[in-house]
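**Student:** Sequence unavailable; structure follows:
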């Protein structure tokens, strides 16, 4: 029983989420305070590491929220999920006159 659980968790660490699953997760995330979340990408397996691209610095609680949302939609069980953020400047639209 314990060996089966260990093997199942090891199998989960090798999984890469499909792009459409990441897009679905991104659609369900609420934006951070005073900013937006632009993208979500899985950058590594074993352990799964995700990069969230945002337009404003985010608090630890928001990173935890992203992690919990990924876990809810992806069913990673017994696997540590790491989320890193990358802050980018929001592109400014130029007024054409």
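**Tutor:** The structure has been received and is ready for your questions. Every value quoted in this text rests on a predicted model; they were computed, and no experiment measured them.
**Student:** In the sheet, which strands lie alongside the longest strand along the chain, parallel or antiparallel?
**Tutor:** Ordering each strand of the chain by length in residues (DSSP state E) puts strand 37-44 first. Neighbouring strands of strand 37-44 in its sheet, by DSSP bridges, are strand 49-54 (antiparallel).
**Student:** to the chain's geometric centre, what's the distance from the strand it pairs with?
**Tutor:** Mean C-alpha position of strand 49-54 versus that of the full chain (Cα atoms, centre = their mean, to the nearest Å) differs by 5 Å.
**Student:** Now do it: everything it contacts.
**Tutor:** 32, 35-43, 58, 63, 66, 70, 81-88 (Cβ atoms under 8 Å, 6 or more residues apart in numbering). Heads up, the C-betas are built off the backbone N, CA and C, glycines and all.
**Student:** For residue 31, what is the enclosing helix or strand?
**Tutor:** Per DSSP states H and E: residue 31 is located in neither a helix nor a strand.
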